[in-house]
Each structure stands twice: as C-alpha cells, then as structure tokens.
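> please work out how this folds:
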Amino acid sequence: MKKSLLTLFAVAAMSTTALAADVKPALVYGTGGKFDKSFNEAAYNGAEKFKAETGIAYRDFEPTGDTQGEQAIRNFASRGFNPVVAVSFAWTSAIEKVAAEFPDTKFIIVDSVVDKPNVRSVVYKEEEGSYLVGVLAGMASKSGKVGFVGGMDIPLIRKFECGYEQGARSVKADIEVFQNMTGTTGAAWNDPVRGGELTKNQIDQGADVVYAAAGATGLGVLQTAADNKKLSIGVDSNQNYLHPGSVLTSMVKRVDLAVYNAYNDTKNDKFTGGVQALGVKEDGVGAAIDEHNKSLITPEMQAAVDKAKADIIAGTVKVHDYTSDNACPK
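Numbers count the residues shown, from 1 in each chain. Next up, the predicted model:
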C-alpha cells in the first residue's frame with residue numbers, strides 16, 4: 001500500500017510538471033524600469049498574479065536601451081520560453097523578426113500590432129480613458145487651465161493628450177490645455193526631474209490639474225503638483241495612493257490583463273493571435289476612484305464621469321483617436 005501511494009504521488013508530480021512545462025512564460029518590459037509605478041509595473045503585476053494563482057514561475061528582463069529589447073526577446077525564444085510578452089511599441093520590429101524565426105513560440109506585444117499568426121497584439125483605446133479623466137479635470141479646475149506632460153513624443157502619447165483635451169472641453173468648452181512632451185528618445189520615460197520642471201512651468205502659467213502619461217517621468221509630475229498644492233492625474237497603474245488628496249484620479253490601462261491573459265490562455269491551450277483592442281466597454285481603460293481620491297470627487301463629478309462612460313459604451317460619444325489622422329479636433 002505504501003509503495004503504491006508513493007507511486008501515485010510520483011505520477012501526480014510528473015503530471016503536474018508536464019502540465020507546467022507546457023507554459024514557460026517570459027516578459028520583456030519597456031525602457032523605464034520594472035518598478036515605474038506605471039506601465040511596466042502593471043505588466044509585472046499581471047505576471048505576478050499568474051504566478052500566485054498557478055505556481056508557475058516566469059522570467060523577466062528590464063532593457064535599458066532599444067537594442068537590448070530585441071536581444072532579450074530572441075534569447076527567451078531560443079531558450080524555449082513560451083509565451084514571450086513584450087510590453088512596448090518599441091519592440092515592434094523585434095517581434096516581427098523573432099516571431100518569424102520561432103513560428104512555434106507564442107508572442108504577445110502590447111501597444112503595437114504585428115501581423116503574424118503566432119502573435120497576439122494588444123492595443124488600448126487610451127483616448128477613451130483619457131476622455132474620462134479629462135471630464136474630471138475640467139470639472140475640478142478652478143483656473144480654467146489644465147496641463148498634460150507626455151513621455152516620448154509619439155502618436156500614441158498624443159492619443160492620450162487628445163482624448164484628455166476632448167473630455168475637458170466636453171464640460172468646459174473654453175478651457176485652456178497646456179501640453180509638453182519630455183523628449184524624443186526612450187530616455188523620456190525615465191526622467192522625473194524633467195517631468196517636474198515641465199509641470200512647474202505649466203503650473204506657473206495657471207494650470208491647476210496636470211495629467212502625466214510618461215512612465216516613470218510621471219512620478220516627477222505627481223510630486224511637483226503635490227508640492228505646489230495642485231492636482232495631478234496618474235496613468236496606466238492606479239497611482240492615486242502616491243499622493244492621497246493630490247492625485248485627482250488615474251487613467252488606468254489594464255496592461256496587467258494583457259500579460260495575465262496571455263499566460264493563462266497559453267496554459268489552457270486557448271491562445272489566439274490577432275488584434276485585441278481594449279477600451280472602456282472591455283474594462284481595458286478607465287478612471288480610478290478609491291479611498292485615496294474620493295474626497296476630491298464630488299457627486300456631480302462622479303455622475304458626469306459615469307454618464308461619459310455610459311455614452312462611450314453606447315456609442316453616443318465617439319472619442320477621436322489621434323492616431324487615425326495625426327490630428328486633434330479643437
């Protein structure tokens with residue numbers, strides 16, 4: 001009896017190992033650091049959730065430059081990792097190349113589209129989430145002036161700004177919107193000092209709410225707004241807790257879902273390629289309201305953001321996507 005029980009346990013252990021071996025997840029972050037409290041950290045949280053629920057470990061890599069990203073993606077694929085998730089538009093050409101070299105490996109890219117059968121492309125309707133936080137900014141502003149600090153000057157980040165502007169104008173037609181981009185290279189995602197300087201400049205011009213869509217650079221935006229007793233808006237992860245009572249809201253972008261679903265779908269043999277576009281309707285983007293910012297949100301503001309969300313889902317409000325024509329309606 002003892003022997004047969006031991007055999008049973010051994011077989012069970014082998015079965016578990018065999019199942020776990022089918023998924024060997026890897027994650028390559030964007031430049032800006034794993035713990036940016038924003039975009040990359042949201043991806044990390046998705047991987048950690050999968051690990052906690054399944055007991056399956058993953059490997060990750062933090063590139064500090066663009067060449068390291070492609071090297072990491074190829075390295076993971078060549079070592080049998082599957083699926084390999086790359087979180088950043090910056091890895092588009094890398095995924096195109098490596099996915100072709102490893103057709104049996106599943107790849108996921110966040111914030112870009114790669115048309116390959118073994119690639120899932122997860123993109124977000126950032127303009128919709130930004131519209132919602134813009135509604136709150138427009139209603140919270142006492143000066144009639146709000147600001148936006150972006151990271152790298154690319155159409156994706158202008159999509160955030162344009163949605164924000166549309167939301168603010170929907171509640172205050174004559175509102176003034178200041179905008180600055182931090183830079184034109186990947187370093188723009190990790191420069192909180194510069195983010196703070198740009199924020200101070202906007203505050204000096206009268207902005208009393210500043211929205212950051214800049215990765216770790218945004219930490220400088222939130223800090224400077226708090227220091228000057230102004231309001232800020234966080235991005236990607238819920239950043240309300242960083243400066244309670246100063247962060248008006250956060251435009252949450254569920255990058256964690258993209259990572260978690262990629263790993264889980266591969267584990268359950270439900271992986272599909274193609275494009276997934278996540279907006280307000282899909283709960284892919286939204287405005288975070290919790291115990292850290294609820295004192296800043298009046299019943300009228302809550303009602304307005306709820307109505308805007310319902311209107312976007314119903315299609316009665318269509319938020320213009322900057323990347324569709326590289327323009328923002330005024």
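> look up how far Thr31 lies from the closest residue to Ala308 other than its chain neighbours.
Nearest non-adjacent residue to Ala308, counting by C-beta to C-beta, 6 or more residues apart in numbering: Val135, 5.1 Å away. The way it works is simple: take the backbone N, C-alpha and C, and place the C-beta from them, glycine included. Here Val135 is placed at a distance of 31 Å from Thr31 (C-beta to C-beta, to the nearest Å).
> how about Thr199?
Going from Thr199 to Thr31 by C-beta to C-beta gives 21 Å.
> okay, the two: which has more neighbours?
Using other C-beta atoms under 10 Å, the more surrounded residue of Thr199 and Thr31 is Thr199, with 28 against 24.
> where does the protein have low pLDDT?
1-21 (pLDDT under 70).
> could you check how far the residue nearest to Ala308 is from Gly151?
On the measure of C-beta to C-beta, Val135 and Gly151 end up 23 Å apart.
> would you mark the buried spots in stretch 40-59?
40-47, 49-50, 54, 56, 58-59 (16 or more other C-beta atoms under 10 Å).
> narrow the residues you listed to those in helices?
Secondary structure assignment by DSSP state H places Asn40, Glu41, Ala42, Ala43, Tyr44, Asn45, Gly46, Ala47, Lys49, Phe50, Thr54 of those in helices.
> so what's the residue count around Ser246?
Burial of Ser246 is recorded as 20 neighbouring residues (other C-beta under 10 Å).
> excluding chain neighbours, what is closest to it?
Looking at Ser246 with C-beta to C-beta, 6+ apart, the closest residue is Ala226, at 4.1 Å.
> burial of the one you found, as a residue count?
17.
> just confirm Lys51 contacts Arg59, I think it does.
No: at 10.9 Å, Lys51 does not count as touching Arg59 under the criterion of C-beta atoms under 8 Å.
> contacting residues for the closest residue to Arg169 other than its chain neighbours?
The shortest distance from Arg169 to any non-neighbouring residue, by C-beta to C-beta, 6+ apart, is to Ile175 (6.0 Å). With contact taken as C-beta atoms under 8 Å, 6 or more residues apart in numbering, Ile175 is in contact with Gly138, Ser141, Gly144, Lys145, Val146, Ala168, Arg169.
> one step back: which one of the ones in helices among the buried residues of stretch 40-59 sits closest to Pro63?
Closest approach to Pro63 among those (C-beta to C-beta): Asn40, at 10.3 Å.
> now do Gly186 against Ile297, distance only.
34 Å.
> again with Ser121
34 Å.
> so for these two, which sits in the more crowded spot?
Neighbours per residue, other C-beta under 10 Å: of Ser121 and Ile297, the larger number sits with Ser121, 22 against 19.
> closest to Val114 among the buried residues of stretch 40-59?
Once C-beta to C-beta is applied, the member of these that ends up nearest Val114 is Ala43, at 17.2 Å.
> surely that closest one and Leu27 touch.
Yes: using C-beta under 8 Å, Ala43 is in contact with Leu27, at 6.3 Å.
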